[in-house]
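Visitor: quick one: sequence and predicted model below, then my questions.
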Amino acid sequence: MQNDPITQAPPVEIVVISLTRAVERRRAIQRQFDELGVPFSFFDAVDGKLGHPLFTRFDGARAKAIGEIPLTPGHLGCYASHYLVWEQCVADNRPLIVLEDDAVLFRDEFLDFLSIAPNLPASLACVRLFANKSRKTRFVPVFEQNSVVIGKFLRGHRSATGYFLTPDAARKLLRYSQRWVEPVDIVMDQFWANGVECHGVARACLTHDGEFESAIDFGVDTARERRGMMRARWRWYLFKGKLRRALHNLTFMLRHRQRATHATSNR
């Protein structure tokens with residue numbers, strides 16, 4: 001499908017989270033939007049190396065209690081950047097499409113989603129725009145318009161490369177982020193706890209550019225760090241999360257089947 005470029009302001013504002021020093025990343029994403037004819041704006045990311053007042057939200061004691069490895073400066077900077085975007089979404093009281101600067105856009109799929117974004121039902125408060133990276137997840141279609149299919153995923157996406165966000169979802173994520181213990185993408189995946197359902201697209205609108213090195217610190221050997229009681233606490237924490245996720249998904253599936261049965265009977 002070929003789409004006409006959007007020469008005026010897009011129906012939903014697009015922001016790209018990017019460090020001011022990430023010159024090559026900014027050039028790469030700028031080129032993509034120039035080719036699409038779609039305007040966007042950069043949101044200056046928080047540099048983990050420089051610190052930020054929001055970093056005081058990191059709860060080291062809670063991290064230790066669940067067996068989590070402490071967040072690195074890169075993780076904290078990433079979390080703070082998304083947190084500030086969520087605050088902007090609430091303050092402006094309008095939806096946003098939020099991208100990280102290593103996103104690679106798929107022209108037709110992205111433009112198709114952009115065309116329907118203003119008409120999404122309120123229940124689709126947050127929609128991931130990239131392929132789900134979890135193993136053995138399931139996709140349950142709940143909405144379709146103009147070749148765009150959106151559904152509920154039974155497991156989270158394990159990334160925050162790009163997503164559609166409403167003020168309602170942003171408020172819930174902000175409330176859930178009073179204490180920071182895990183990376184922001186994992187926090188967003190905890191739909192059973194944060195109240196923001198895990199929706200995504202059947203056809204990915206974007207992916208991440210593997211040519212760019214991650215701006216988040218690596219080099220931590222998790223297997224080596226998590227030993228003894230720390231490993232036991234982590235496994236117990238994961239087990240409780242899986243149980244809550246399973247119960248949440250069971251409730252969702254029961255309601256989904258009831259709605260489907262009701263719709264069929266009314267035809």
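Guide: All right, it came through fine. All values reported here derive from a predicted model rather than from experimental measurement.

Visitor: C-alpha from now on. contacts and neighbour counts both.
Guide: Fine.

Visitor: all strands for the stretch 151-267 of the chain, in order.
Guide: 162-165, 199-201, 206-208 (DSSP state E, counting those that start in this stretch).

Visitor: for the record, mean pLDDT for the last one?
Guide: Going back to what we said before, that points to strand 206-208. Mean per-residue pLDDT for strand 206-208: 95.

Visitor: other SSEs contacting that strand?
Guide: Strand 206-208 sits against strand 103-105, with contacts defined as 3 or more Cα pairs under 8 Å, 6 or more residues apart in numbering; DSSP states H and E.

Visitor: quick one: average confidence on the strand it packs on?
Guide: Here the average pLDDT along strand 103-105 is 97.

Visitor: what about residue 33, how many residues close to it?
Guide: When counting by other Cα atoms under 10 Å, one arrives at 15 neighbours for residue 33.

Visitor: leaving out chain neighbours, which residue sits closest to it?
Guide: Leaving aside its sequence neighbours, residue 33 sits nearest to residue 39 (Cα to Cα, 6 or more residues apart in numbering; 6.7 Å).

Visitor: gap between the one you found and residue 145?
Guide: 23 Å (Cα to Cα, to the nearest Å).

Visitor: then residue 31?
Guide: Taking Cα to Cα as the measure, residue 31 falls 28 Å from residue 145.

Visitor: and for residue 124?
Guide: Taking Cα to Cα, one finds residue 124 at 13 Å from residue 145.

Visitor: could you do residue 225 as well?
Guide: Taking Cα to Cα, one finds residue 225 at 47 Å from residue 145.

Visitor: next, count neighbours for the closest residue to residue 11 other than its chain neighbours.
Guide: Nearest residue to residue 11, sequence neighbours excluded (Cα to Cα, 6+ apart): residue 118, at 6.3 Å. By the criterion of other Cα under 10 Å, residue 118 has 13 neighbours.

Visitor: and residue 118, how close does it get to residue 166?
Guide: With the distance defined as Cα to Cα, residue 118 ends up 10 Å from residue 166.

Visitor: wait, residue 67 sits on residue 233?
Guide: Yes: counting by Cα atoms under 8 Å, residue 233 is a contact partner of residue 67 at 5.1 Å.

Visitor: output the lowest mean pLDDT helix or strand found in the protein.
Guide: Sorting the helices and strands of the chain by mean pLDDT, DSSP states H and E puts helix 222-225 at the bottom, at a mean of 69.

Visitor: measure residue 250 to residue 256 for me?
Guide: Here the distance between residue 250 and residue 256 works out to 10 Å (Cα to Cα).

Visitor: longest helix of this structure, counting residues only.
Guide: Identified as the longest helix of the chain according to DSSP state H is helix 229-265.

Visitor: next, the buried residues of that helix.
Guide: For helix 229-265, a neighbour-count test (16 or more other Cα atoms under 10 Å) marks 230, 231, 233, 234, 244, 245, 248, 249 as buried.

Visitor: give me every residue that touches the most centrally placed residue in the chain.
Guide: The residue lying closest to the centre of the chain (Cα atoms, centre = their mean) is residue 160, at 3.7 Å. Neighbouring residues of residue 160 by Cα atoms under 8 Å, 6 or more residues apart in numbering: 99, 100, 128, 184, 185.

Visitor: follow-up on the earlier one: so between residue 124 and residue 145, which is more surrounded?
Guide: When neighbours are counted by other Cα under 10 Å, residue 124 and residue 145 differ, and residue 124 comes out ahead with 22 against 13.
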